[in-house]
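J.: whatever this is, show me its structure:
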Amino acid sequence: MAGHCNGGYASPQGLLSPGVLPAKLGRKGVEMAVAAYVLIRCRGGKEDRVLSTIRQKPHVKKADLVFGDYDIIAYLEFDELPSTFSVAELNHIVTEEIRKVDGVSSTSTHIVTTKFSGEGRG
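T.: This next block holds a predicted model:
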């Protein structure tokens, strides 16, 4: 079951119940861990400090400085399977652990719906 999109925001039809994402099965029928990309804008001159702090957060598996509209892209992964994961947990991590880092001015969060390995799809 895929979430429906309405103006860039997930609609309630894509949720099993308020704040709970539907399970997503991979190509081999195994649930994949929940993952998200968080795009981060920093106030001038604070990018290195923000990057260092973000990389220490437990769910952040990778974070890099980038050129473009955002300064940092962080990849977060959660041990919970989608059937037990709550959007409220992701919201808490982004709003309380990432946005409150000194130097962060804004974020944009994107939940991964399908993963592809470097060896092709799957």
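J.: burial of the closest residue in space to V60 that isn't next to it in sequence, as a residue count?
T.: Of all residues not flanking V60 in the chain, A74 sits nearest, at 5.2 Å (C-beta to C-beta, 6 or more residues apart in numbering). All C-beta atoms are positioned from the backbone trio N, CA, C, and that covers glycine. Residues within reach of A74, counting by other C-beta atoms under 10 Å, total 25.
J.: quick check, E47 in contact with D71.
T.: Yes. E47 is within contact range of D71, at 4.9 Å (criterion: C-beta atoms under 8 Å).
J.: give the residues shared as contacts by those two.
T.: Common neighbours of E47 and D71, counting by C-beta atoms under 8 Å, 6 or more residues apart in numbering, are L65.
J.: more neighbours: which of these two?
T.: Using other C-beta under 10 Å as the criterion, E47 and D71 rank with D71 on top: 23 against 17.
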